[in-house]
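In: predicted model and sequence below, questions to follow.
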Amino acid sequence: MTERFEICVVGAGVIGLAVARQLATSGKIAVDKILVLEQEASFGQHTSSRNSEVIHAGLYYPDNSLKARLCVRGKQLLYEYCAQHDIPHRKTGKLVVAQDAEIAALETLQQQAMRNGVSDTEIIDAAALQQMEPQVTGSAALFSPSSGIIDSHAYMQSLLNEVESSGALFVRKTRIEKACSANNGFRVTTQTLQGQQSDSYDIECRVLINCAGLDAMNVAERIECDFKREAPRLYLCKGDYFHYNLGNPFTHLVYPLPEKNTRGLGIHATLDMGGQCRFGPDSQYVDAINYDVSAAKATQYAEAIKRYFPAIDAAQLQPSYAGIRPKLSAAGEPAQDFVIQFSQDCAADEHSGTMRTDAELVQLFGIESPGLTASLAIGELITTRLLDQL
């Protein structure tokens with residue numbers, strides 16, 4: 001017999017784990033009927049573990065966007081979760097540094113933060129900036145005291161521990177080959193890698209949640225049902241990181257003003273929980289996933305960093321790691337919001353005229369920064385919506 005689950009979550013990055021954890025701890029769903037599938041050998045192997053590990057305050061995002069709302073809510077939930085579960089983290093604070101011609105842009109950024117519900121920021125002058133960060137040069141800075149850092153691996157491990165200890169099932173090295181409507185839900189054909197061999201098996205579920213990150217569009221293409229909404233196009237945007245061998249010159253996160261091309265937040269200085277300073281990421285659209293970092297970029301990085309850290313020594317920048325952002329905007333296009341699709345929002349099937357079944361398809365696309373910060377809020381949003389339908 002084909003085993004049936006209530007909910008199948010595809011992808012065990014930070015979003016998939018946060019969604020599964022929220023569902024498993026809701027008390028409203030039989031936990032042995034929750035399945036999490038991950039095609040890699042472990043959790044969080046891509047975007048979730050290849051980022052700046054920053055807890056964002058919610059400064060940058062457009063009014064009423066999912067990014068703004070979920071970042072601000074997620075920040076609160078994440079700090080609470082870290083405290084409750086002893087996850088290594090630190091509220092370091094963050095400085096967004098402006099030069100002479102950028103003061104107006106800095107003020108605009110503060111206004112945007114306030115509209116997003118971030119009311120604790122402060123614009124400081126050059127003297128105050130020097131006092132806070134003696135090696136940073138700028139005409140002014142926006143100080144965000146609620147920004148911080150987190151050990152993302154420890155966080156994801158904690159989420160997974162909660163998922164598994166609740167009784168939900170986590171299956172590694174398993175990918176979706178096909179999913180189609182069946183029995184008021186979905187029949188999902190999966191393939192599991194066992195050593196050099198692979199086994200195929202089918203499961204059924206009422207709710208299918210696509211949290212596959214960089215692979216979300218590929219998963220969407222394998223789902224066949226009349227109530228599936230069109231998936232947006234995914235663009236891969238690579239960012240490289242460099243460690244700084246001369247130790248950590250800062251006590252806060254230090255950022256330039258955001259890039260005007262909308263690709264990212266500029267090459268900034270972040271800290272890890274071990275006190276190591278790293279710079280990055282840059283932004284380069286690519287055609288395929290590739291995590292190589294070229295040492296030749298060090299000079300280019302140093303030139304960008306010199307704007308706020310004149311003492312940077314390019315020879316001390318060492319290639320560290322790279323990440324890929326799953327963007328919904330092409331190079332030069334305006335930044336796009338998160339996309340979270342619920343099939344219950346679709347109208348009746350236009351071809352047959354039949355109404356929807358009880359099946360639910362939830363798909364998440366373009367969950368880039370601030371996805372890590374927003375993860376628990378995303379889990380909260382999806383769980384609340386699904387429980388309303390049970």
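Out: That came through, no problem.
In: pLDDT below threshold where in the stretch 251-390 of the chain?
Out: By pLDDT under 70, the low-scoring segments of the stretch 251-390 of the chain are 259-263, 347-357, 390.
In: can you give me the strands for it?
Out: Counting by DSSP state E, counting those that start in this stretch, the stretch 251-390 of the chain forms strands over residues 253-256, 268-271, 277-280, 284-286, 317-327, 339-342, 360-365, given from the N-terminal end onward.
In: helices of the stretch 51-200 of the chain, start to end?
Out: Counting by DSSP state H, counting those that start in this stretch, one finds helices in the stretch 51-200 of the chain at the ranges 66-85, 103-115, 126-132, 152-165.
In: okay, those helices in CSV with mean neighbour count and mean pLDDT next?
Out: The way it works is simple: take the backbone N, C-alpha and C, and place the C-beta from them, glycine included. Listed next are the helices of the stretch 51-200 of the chain as CSV, based on neighbours: other Cβ atoms under 10 Å; pLDDT from 0 to 100:
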stretch, mean neighbour count, mean pLDDT
helix 66-85, 20, 98
helix 103-115, 16, 97
helix 126-132, 14, 98
helix 152-165, 20, 98
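In: between the ones you listed, which one is nearest to residue 95?
Out: Distance to residue 95, taken as Cβ to Cβ, is lowest for helix 126-132 among the helices of the stretch 51-200 of the chain, at 6.8 Å.
In: distance from the chain centre to the closest one, please.
Out: Centroid separation for helix 126-132 versus its chain: 32 Å, with Cα atoms, centre = their mean, to the nearest Å.
In: likewise for stretch 172-192?
Out: With Cα atoms, centre = their mean, you get 25 Å for stretch 172-192.
In: same list, the helices of the stretch 51-200 of the chain, but as a markdown table with distance to residue 258 please.
Out: As requested, the helices of the stretch 51-200 of the chain are arranged in a markdown table below (distance: least, Cβ to Cβ, whole Å):
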| stretch | distance to residue 258 |
| --- | --- |
| helix 66-85 | 13 |
| helix 103-115 | 8 |
| helix 126-132 | 18 |
| helix 152-165 | 22 |
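In: out of those, which gets nearest to residue 202?
Out: Nearest to residue 202 among the helices of the stretch 51-200 of the chain is helix 152-165; the distance by Cβ to Cβ comes to 22.5 Å.
In: Serialize the strands of the stretch 251-390 of the chain to JSON lines and add fields for mean neighbour count.
Out: Written out in JSON lines, the entries for these read as follows (neighbours: other Cβ atoms under 10 Å):
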{"stretch": "strand 253-256", "mean neighbour count": "23"}
{"stretch": "strand 268-271", "mean neighbour count": "24"}
{"stretch": "strand 277-280", "mean neighbour count": "23"}
{"stretch": "strand 284-286", "mean neighbour count": "14"}
{"stretch": "strand 317-327", "mean neighbour count": "20"}
{"stretch": "strand 339-342", "mean neighbour count": "17"}
{"stretch": "strand 360-365", "mean neighbour count": "23"}
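In: mind checking which of these is nearest residue 33?
Out: Of the strands of the stretch 251-390 of the chain, the one closest to residue 33 (Cβ to Cβ) turns out to be strand 360-365, at 14.0 Å.
In: who does that closest one touch, helix- and strand-wise?
Out: Judged by 3 or more Cβ pairs under 8 Å, 6 or more residues apart in numbering; DSSP states H and E, the packing partners of strand 360-365 are strand 197-210, helix 216-221, strand 339-342, helix 371-389.
In: tell me the mean pLDDT over the first one?
Out: Confidence over strand 197-210 (mean pLDDT, whole number) is 93.
In: these two touch, right, residue 371 and residue 17?
Out: No: here residue 371 lies out of contact with residue 17, judged by Cβ atoms under 8 Å, at a distance of 11.9 Å.
In: between these two, which has more neighbouring residues?
Out: Between residue 371 and residue 17, residue 17 has the larger neighbour count (other Cβ atoms under 10 Å), namely 30 against 27.
In: roughly how far apart are the more buried one and residue 105?
Out: Distance, residue 17 to residue 105, by Cβ to Cβ, to the nearest Å: 36 Å.
In: to residue 242, which of the strands of the stretch 251-390 of the chain lies closest?
Out: strand 317-327 (4.2 Å).
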